[in-house]
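Asks: A structural model of the following input is requested.
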Amino acid sequence: MRSAVAALALAFAMPALAQEAAPAEEAQVETLADISLGAEDAPLTLVEYASFTCGHCANFHNDNWDKLKSEYVDTGKVKFIQRDVYFDQLGLWAGILARCGGDDKYYAVSGLLFEEQQKWLSGSSGEEVAANLRRIGLKAGMTEEQMTACWDDSAKAEQLVATYQKNAGADGIEATPTFIIGGEKVMNQPWDDLKKVIDAKLAEATE
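Replies: Predicted structure coming up:
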């Protein structure tokens, strides 16, 4: 079995795994359930499709996530779901790390990946990127052995890719971040404009 570091080292030369999987193979792989934040019975569901290597996604997280969470998620108005998009191999390995600590730690690790995106992506080789990602995992309380086991779990990687393909295909996702707010696809936009969409959808949902 190829080690995690070796696999990451190939990331710069390999095409995106998400684009390689054949539809027939996808149908045979069990997909994973969403990990949600907020009240299950919230009147509005907001889904964000995001890539861990997407600069605009990092900007949205760093500039707007705290406002979205405090105003809508923590108040019980919105159930939030992040769905990872794997446009490249490094995004997939970051996604594996995000899930490595379990569902309870997913959003905490995801936040670190966005907050430190420029730092961990700055590695000039697969080995350097692997070391940067390991530092994030250690900061989140994972062990070296735990991270290696997660990255070596090819079955879980296949599940993540199949889940991405199924969800993104169904919602017609072509760029990140893209939002599904109350069932409607909404492209990335300034916070004040996005807030108007959320408020309008909330008003519809609570009429």
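
Asks: what helices and strands are in contact with the helix or strand harbouring L90?
Replies: Of the helices and strands defined by DSSP states H and E, L90 is found in helix 89-100. Using 3 or more C-beta pairs under 8 Å, 6 or more residues apart in numbering; DSSP states H and E, the elements in contact with helix 89-100 are helix 4-9, helix 17-20, strand 78-84, helix 106-115, helix 126-139, helix 144-151, helix 154-171. Where C-beta positions appear, they are placed from N, C-alpha and C, glycine not excepted.

Asks: list the contacts of A140.
Replies: G101, K105, A108, V109, L112 (C-beta atoms under 8 Å, 6 or more residues apart in numbering).

Asks: just checking, the fourth one touches L138?
Replies: Going back to what we said before, that points to V109. No: counting by C-beta atoms under 8 Å, V109 sits too far from L138 to count as a contact (11.2 Å).

Asks: out of these two, which sits in the more crowded spot?
Replies: V109 (23 against 13; other C-beta atoms under 10 Å).

Asks: low-confidence ranges, the protein, go.
Replies: Scanning the chain for pLDDT under 70 picks out 1-27.

Asks: now do L32 against D103, distance only.
Replies: 10 Å (C-beta to C-beta, to the nearest Å).
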